[in-house]
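Asker: Generate a structure from the sequence data that follows.
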Amino acid sequence: MNGVNARLTLFLGVVATGVPLLGLAAQSQQQPAACTAPAYRQFDFWVGEWEVTNPQGAVAGANTITKILGGCVLQEHWRGAGGSTGYSYNIFNLQTRQWHQTWVDSGGQLLLLDGGIEGGKMVLSGETVGQGGQTTVNQISWEPLDGGRVRQLWRSSTDGGATWQIVFDGQYTKRQ
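Answerer: Numbering: from 1, shown residues only. Reported below is the predicted structural model:
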């Protein structure tokens, strides 16, 4: 009888503690979404289905930017005209008060960028270290343009920002 009583006591203890937890879960589902502060909307101008062209007007690729996880995260899905692909996840970090992007692509590249709105543009930057140990500063800006278009400019510097090279310059036009 001791074994039966022990199992019954354990079962009742699990059920008793589970009931309040279920109540908390129901309450949390009724609370407003976590990412409702205006800062979470700063990058919404980039959301959409885009055709991306280079400065000469040639198609560079297509990009899809969607809001996921209750509007807390912007997910990017890049498809380059030459066959490359990449993804990024972008979130406003409430603790640091900055935007963060993690970018990965089919070439094995990883970028970790942080920043925010500067002069009406979203500007994110971060460092990478090459195989030879050389540090590269990467800075990417997204600028809203007339007609709902967006310009993305990716620059890099290997001398601490004294000089810059353009890695990518693309104009986003929404697909109809």
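Asker: Now do the same contact list for the residue nearest to the spatial centre of the chain.
Answerer: In the chain, the residue lying closest to the centroid (C-alpha atoms, centre = their mean) is residue 90, at 1.4 Å. When contacts are counted by C-beta atoms under 8 Å, 6 or more residues apart in numbering, residue 90 is found next to 43, 73-76, 99-101. For the C-beta atoms, the positions are set from N, CA and C on the backbone; glycine is no exception.
Asker: Okay, it and residue 43: tell me how far apart.
Answerer: Note on residue 90: its distance to residue 43, by C-beta to C-beta, to the nearest Å, is 6 Å.
Asker: Look up which helix or strand the nearest residue to residue 139 once chain neighbours are set aside falls in, please.
Answerer: Beyond its immediate neighbours in the sequence, the residue positioned closest to residue 139 (C-beta to C-beta, 6 or more residues apart in numbering) is residue 125, lying 4.1 Å away. Per DSSP states H and E, residue 125 falls inside strand 121-129.
Asker: and that strand, how far from the chain's centre?
Answerer: Strand 121-129 sits 13 Å away from the centroid of its parent chain (C-alpha atoms, centre = their mean, to the nearest Å).
Asker: what's the answer for stretch 46-54, then?
Answerer: Centre to centre, stretch against its chain (C-alpha atoms, centre = their mean), the figure for stretch 46-54 is 16 Å.
Asker: cool, and stretch 132-150?
Answerer: Stretch 132-150 sits 14 Å away from the centroid of its parent chain (C-alpha atoms, centre = their mean).
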